[in-house]
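Peer 1: Sequence and predicted structure, then a few things I'm wondering about:
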Amino acid sequence: MDESVESLFEKLMGSDNPLEQIQVAYALSNHPSKKEALQSLIKALVIPDVDVKLTILDIFLQPDFFSEDIVLPVSNLLKDEDNEVKKHAAEILGGTKDKRIVASLINTLNDENQDVRYCVMAALANIGDVSASNALESFMNSENWEDRFYAIDAIGMLADKSSIPIFLKAFNDPNPKVKENAILSAGHYKYPQIIDKLLSMLEDDAIEVEAAAAYMLGDFKCKSAVKPLIDLCKSNYKDLVWISLESLSKIKDPESIPAIISVLNHPARDISIVAQETLDVFNNSDLIEPLVDAIKKDVIIEYIQHRMQKFPERKGKRFNIRRYIRGLQLPIWLESLLDEIIISYKEDINSGEIN
């Protein structure tokens, strides 16, 4: 027979041994009377030992206990003396998405421990209440680049259109890491001002900033980014080429196909594979002409065309080249290409372009 919740609670509160208290807390979490057990665990948050508090907070994350009942009691721990407790409390509160504790979280942004502040920023971002925008934006004036880094991340999650000027400012941040994170946090800000700035950042001095801008413009499916992305495919930096290809695959502009085909010959095999995968997103009808054009530029095909100019048929010798090609049992696509070259050659003779 299970020990009663009342009995377990008395043990929990009456013990001076943290290890025993933790064991009793877990016993309560496994008790069939979940509602009563939850209330006992909430009352036990007054226990001073840090490990016991953290254990109870972990238990609150279990589906049986994660409810609105824990919100206000956990928010009181934002004033705890221990930073780990405050951080864990902020993480849990963010997961509840309960707007009742937004004010308490905003107040905790003033905590002297930066890790606590960053956990609180993340919690506010998860809750998504734009009333937190001003408090978060104030950190963009901090001299600490990490403050600005985490603040812009949270601001991006709020998707508050009034924050556009903050993003434009962050795009000019002196620290490349902040600039990069600002770009990657701008997913909810598909506005002309943002896009124009991102396009200009494709020529940034920092490779990671260029790459972030290329990634986000791909996410935005920005047609005006196609030409600069094509240019980035010629970069000496593999990661930049990789991201540019992936963005072109999202935009799916047929104008980019010839440039993507050229990357098939990239010396790095993994980049060549990405180029193949990028081409896979296009329709066959879009691919045929640029692929044939690319094949015609191959040195072997160019020689075949050169050889056609000296073909014995022009000297009166009878030789059925089409029958000869069929006998080679080539792949159908190559056979068709050679047929096209023959037809093109004969048209050139008839038109007088070849003497």
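Peer 2: Okay, I see it. Bear in mind the structure is a predicted one, so any value in this text is a computation, not a measurement. Numbers count the residues shown, from 1 in each chain.

Peer 1: all helices for the stretch 1-150 of the chain, in order.
Peer 2: 5-14, 18-29, 34-43, 50-60, 71-75, 83-96, 102-108, 114-127, 133-137, 145-158 (DSSP state H, counting those that start in this stretch).

Peer 1: What is the distance between stretch 264-281 and the centre of its chain?
Peer 2: 20 Å (Cα atoms, centre = their mean, to the nearest Å).

Peer 1: Now do the buried residues in it.
Peer 2: With burial defined by 16 or more other Cβ atoms under 10 Å, the residues of stretch 264-281 counted as buried are 266, 271, 274-275, 278-279. (C-beta placed from N, C-alpha, C; glycine too.)

Peer 1: quick one: which of these is nearest Val241?
Peer 2: Ranked by distance to Val241 (Cβ to Cβ), those are led by Ile271 at 5.6 Å.

Peer 1: For that closest one, give me its contacts.
Peer 2: By Cβ atoms under 8 Å, 6 or more residues apart in numbering, Ile271 lies in contact with 238, 241-242, 245, 263.

Peer 1: just checking, Pro254 touches Asp286?
Peer 2: Yes - using Cβ atoms under 8 Å, Pro254 is in contact with Asp286, at 4.3 Å.

Peer 1: On the three-state scheme, Pro267 is what?
Peer 2: coil (DSSP: H, G, I helix; E, B strand; the rest coil).

Peer 1: Could you pull up phi and psi at it?
Peer 2: phi -60, psi -20 (degrees, to the nearest 10).

Peer 1: roughly how far apart are it and Thr278?
Peer 2: Shown here: Pro267 relative to Thr278, a distance of 17 Å by Cβ to Cβ, to the nearest Å.

Peer 1: Val24 too?
Peer 2: 58 Å.

Peer 1: give me the low-pLDDT residue ranges for the chain?
Peer 2: 1, 296, 298-331, 333-334, 337, 341-342, 344-355 (pLDDT under 70).

Peer 1: Spatially central residue for it, please.
Peer 2: Closest residue to the average C-alpha location of the chain: Leu184 at 7.4 Å, with Cα atoms, centre = their mean.

Peer 1: mind listing what that residue touches?
Peer 2: With Cβ under 8 Å, 6+ apart, Leu184 has these contacts: 212, 215-216.

Peer 1: Looking at those, which one is closest to Leu291?
Peer 2: Nearest member of these to Leu291, counting by Cβ to Cβ, is Tyr215, at 27.0 Å.

Peer 1: any idea how far Lys223 is from the residue nearest to that closest one when sequence neighbours are not counted?
Peer 2: Of all residues not flanking Tyr215 in the chain, Ile243 sits nearest, at 5.2 Å (Cβ to Cβ, 6 or more residues apart in numbering). From Ile243 across to Lys223, the span is 18 Å (Cβ to Cβ).

Peer 1: can you check Ala90 too?
Peer 2: Applying Cβ to Cβ, the value for Ala90 to Lys223 is 41 Å.

Peer 1: same thing with Gly94?
Peer 2: 37 Å.

Peer 1: More neighbours: those two, which one.
Peer 2: Comparing Gly94 with Lys223 by other Cβ atoms under 10 Å, the one with more neighbours is Gly94, at 21 against 12.

Peer 1: my guess is the more buried one meets Gly128, correct?
Peer 2: No - using Cβ under 8 Å, Gly94 makes no contact with Gly128, being 9.8 Å away.

Peer 1: coming back round to it: what's the host helix or strand of the residue nearest to Tyr215 packed up against?
Peer 2: According to DSSP states H and E, Ile243 maps onto helix 238-251. Here helix 238-251 touches helix 207-219, helix 226-232, helix 257-262, helix 269-279, going by 3 or more Cβ pairs under 8 Å, 6 or more residues apart in numbering; DSSP states H and E.
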